[in-house]
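J.: only geometry, no sequence info:
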């Protein structure tokens, strides 16, 4: 999975690259790190166990692993007591830590910190633009990453709609057209960037650094706008829709809302991300998106009972209330952290000439 050499750690343990022969030990480690009471893992993301279902975002075996991903383990006396997994986005040149586990009486925190430091050393050699992680503010998660140089830049509510609830009927083309809803296209890149800017605080825009080519890139691996649950899009068929502003609007965006839908191909929840202007009612777009999920899951060989996950940033209210009206409920709040590995260079700008 990587050509990096093992990095020895104090007290007899060492951090090394995971091997396929570690499969059984990784499964046991995964089981031990599972908190059955709260249905979370060490990062605290609500992605496995009841009430959502048996799907785990960080599931084993390693078949969910992509060739360019990284996985390191902490080995001590022949036993694995720690694991870190990193998903690499080769297009945006960003890394996302999607799993971090550590066990041991009084040493779990040290093990996890050593694993994070190993990823940082590897990042220093391979040069990604940014490193991302999303975690619950519990068990010292946020403090651990901030100690490693990550910056906290936002919080996100994770909402869930149970699969037992009936989904709205799929809209007809006439209904969607009457509300200005249509499929997104690469030509919507500029309006989408303006919509994102109107709904996102400038400091977050600067940190996330989403560019026009990112909005143009559509399909299964389209990962913007970023969220704590973006990695599950790897296992879904992704579609995007926009809601046009009646008459074009006067603010230059041309769009009132955006919906990103990930219909699960695996035993996992479906995904829904809504983005819109704060002063626009997006209940119609939400109902339309749920209808799309229904139409996709009614096909033979698909499942609906795993429910739908929807991430909402805390500054994106009232989208969370629109989702609650549609049957969603908040199941977790997670913290978003980022570490920039490259030094920013200020763009050239005109400055007043000096007076002689």
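T.: Perfect, thanks for sending it. Since we're looking at a predicted model, the values are computed, not measured.

J.: report the buried residues of stretch 74-83.
T.: The neighbour-count check on stretch 74-83 (16 or more other C-beta atoms under 10 Å) flags 74-76, 80-83 as buried. All C-beta spots, glycine's among them, are computed from the backbone N, C-alpha and C.

J.: show me how far it is from its chain's centre.
T.: Chain-centre distance of stretch 74-83: 28 Å, with C-alpha atoms, centre = their mean, to the nearest Å.

J.: most widely separated two among the buried residues of stretch 74-83?
T.: Largest separation among the buried residues of stretch 74-83 by C-beta to C-beta: 76 and 83, giving 12.8 Å.

J.: distance to residue 341 added to the buried residues of stretch 74-83, as CSV?
T.: Compiled in CSV, the buried residues of stretch 74-83 are given as follows (distance: C-beta to C-beta, whole Å):
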residue, distance to residue 341
74, 23
75, 27
76, 29
80, 28
81, 28
82, 23
83, 22
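
J.: okay, and which of the residues you listed map to strands?
T.: Counted as lying in strands by DSSP state E, out of the buried residues of stretch 74-83, are 74-76, 80-83.

J.: quick one: secondary structure of the nearest residue to residue 228 once chain neighbours are set aside?
T.: Excluding its sequence neighbours, the residue lying closest to residue 228 (C-beta to C-beta, 6 or more residues apart in numbering) is residue 134, at 3.4 Å. Following DSSP: H, G, I helix; E, B strand; the rest coil, we place residue 134 in the strand state.

J.: beta partners of residue 134?
T.: Following DSSP bridges, residue 134 is listed with bridge partners residue 336.

J.: how about residue 76?
T.: residue 79.

J.: would you agree it is in contact with residue 25?
T.: No: Residue 76 lies out of contact with residue 25 (C-beta atoms under 8 Å); the separation is 11.9 Å.

J.: number of residues surrounding residue 283?
T.: Per other C-beta atoms under 10 Å, the neighbour tally for residue 283 reads 14.

J.: hang on, I meant residue 190
T.: By other C-beta under 10 Å, 15 other residues sit near residue 190.

J.: residue contacts, residue 159?
T.: 309-312, 320, 323-324, 328-331 (C-beta atoms under 8 Å, 6 or more residues apart in numbering).

J.: try it again with 7 Å
T.: Contacts for residue 159 (C-beta atoms under 7 Å, 6 or more residues apart in numbering) come out as 310, 312, 320, 323, 328-331.

J.: for residue 212, which non-adjacent residue is closest in space?
T.: The shortest distance from residue 212 to any non-neighbouring residue, by C-beta to C-beta, 6+ apart, is to residue 189 (4.9 Å).

J.: checking my notes, the one you found in a helix, right?
T.: Yes: with three-state DSSP as the criterion, residue 189 is part of a helix.

J.: buried residues of stretch 286-304, list them for me.
T.: Neighbour-count burial for stretch 286-304 flags 286-293, 296-297, 304 (criterion: 16+ other C-beta under 10 Å).

J.: show me which helix or strand of the chain is least confident by mean pLDDT.
T.: strand 7-8 (a mean of 45; mean pLDDT, DSSP states H and E).
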